[in-house]
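Asker: Here is my input; please provide its structure:
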Amino acid sequence: MNEIMVLPVLYSLRNCPYAMRARLAIYASGQQVHLRDLVLSNKPAEMLTASAKGTVPVLVTTDDLVIDESLAVMLWAFTQSDPQHYLDASQPNALAEMLELISLFDNEFKGHLEQYRCAKRYHEPSLIENRQQCERYLADLELRLNQHQYLMSDNPSLTDLALMPFIRQFARVERQWYLQSPYPKLRQWLNQYLQSRMFSKVMTQYPMWLDTKEDVVFGSGL
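Answerer: Next up, the predicted model:
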């Protein structure tokens, strides 16, 4: 019981892609946290006290450090432990290159993706145009995956976990179009993650923390 109580606390929302990639990194790094699932319409006071932003993920470490950006949570996790070398520390400039690609998707692709999703939801005439804006970024990923098994090399990296939740969102907008789209390597890459044990664990549905006030221990604890 005492061991459980010293774990970091992660406030999370199951289907939020930012929270999803934080959980992916925590799991892949072998860390364990107290997972507190929530809904945005009912945010715990404890989370708002830790971070006034009111968005997930929010990680509160055992020494009361608050990390409320998803990429920062990922970097924290792999800084604690990186048994599968997701940061690829042996390669010069590897992390800088990963962060550059992640930044491109966070700052550019994500905006086009939101417009694409809205166009589909509200039957807007700009649907195809919005999809084509997203495709400019997908084409780069397809090219990368034609060169190696994962986005940066033949080994999975921070980039793969950071981008996967957003590619998953894209794939769900026009499912039939996506299945016939000219991105077979990207589909294979995404399916590999969606069918993995890691993703199954990361997407497990837990009771809302405010309903039970019982912390769930999440993570592989390698």
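Asker: what's the next secondary structure element after the longest helix seen in the chain?
Answerer: As assigned by DSSP state H, the longest helix anywhere in the chain is helix 127-147. As assigned by DSSP states H and E, the chain's next helix or strand after helix 127-147 is helix 158-173.
Asker: now that next one: mean pLDDT?
Answerer: Average pLDDT, helix 158-173: 98.
Asker: Give me the contact list for it.
Answerer: In this structure, residues lying in contact with helix 158-173 by CB atoms under 8 Å, 6 or more residues apart in numbering are 17-18, 20-21, 24-25, 28, 70-71, 74-75, 78, 86-87, 95, 98, 101-102, 105, 109-110, 113, 116-117, 120, 131, 134, 138, 141, 150-152, 178, 186-187, 189-190, 193-194. In short, each C-beta sits where N, CA and C put it, glycine included.
Asker: And those residues, which of them are buried?
Answerer: 17-18, 20-21, 24-25, 28, 70-71, 74-75, 78, 86-87, 95, 98, 101-102, 105, 109-110, 113, 116-117, 131, 134, 138, 141, 151-152, 178, 186-187, 189-190, 193 (16 or more other CB atoms under 10 Å).
Asker: Just the ones of these in helices?
Answerer: Per DSSP H, the buried ones among the contacts of helix 158-173 map to helices at 17-18, 20-21, 24-25, 28, 70-71, 74-75, 78, 95, 98, 101-102, 110, 113, 116-117, 131, 134, 138, 141, 178, 186-187, 189-190, 193.
Asker: Quick check: Phe199 touching Tyr193?
Answerer: Yes: here Phe199 reaches Tyr193: they are 5.5 Å apart, a contact under CB atoms under 8 Å.
Asker: From Arg187, how far off is Leu141?
Answerer: Separation of Leu141 from Arg187 (CB to CB, to the nearest Å): 11 Å.
Asker: Check Ser126 too.
Answerer: 25 Å.
Asker: What residues sit buried inside stretch 121-136?
Answerer: Quick answer for stretch 121-136 (16+ other CB under 10 Å): Leu127, Asn130, Arg131, Gln133, Cys134, Glu135.
Asker: And the pLDDT at the first one?
Answerer: Put plainly, it is Leu127. Reading off the model, Leu127 has pLDDT 98.
Asker: picking up where we left off before, just checking, what packs against the longest helix of the chain?
Answerer: Judged by 3 or more CB pairs under 8 Å, 6 or more residues apart in numbering; DSSP states H and E, the packing partners of helix 127-147 are helix 110-121, helix 158-173, helix 184-194.
Asker: remind me which residues of the protein are low pLDDT?
Answerer: Confidence mapping of the chain against pLDDT under 70 gives the ranges 1-5, 221-222.
Asker: Please parse it into its domains.
Answerer: Split into domains by automatic domain parsing, the chain comes to 2-86+199-218, 94-197.
Asker: Show me how far the first one is from its chain's centre.
Answerer: When you say that, I think you mean domain 2-86+199-218. Computed by CA atoms, centre = their mean, to the nearest Å, the chain-centroid distance of domain 2-86+199-218 equals 12 Å.
Asker: do the last one as well
Answerer: The chain centroid and the centroid of domain 94-197 are separated by 12 Å, computed with CA atoms, centre = their mean.
Asker: gap between the two ends of that domain?
Answerer: 27 Å (CA to CA, to the nearest Å).
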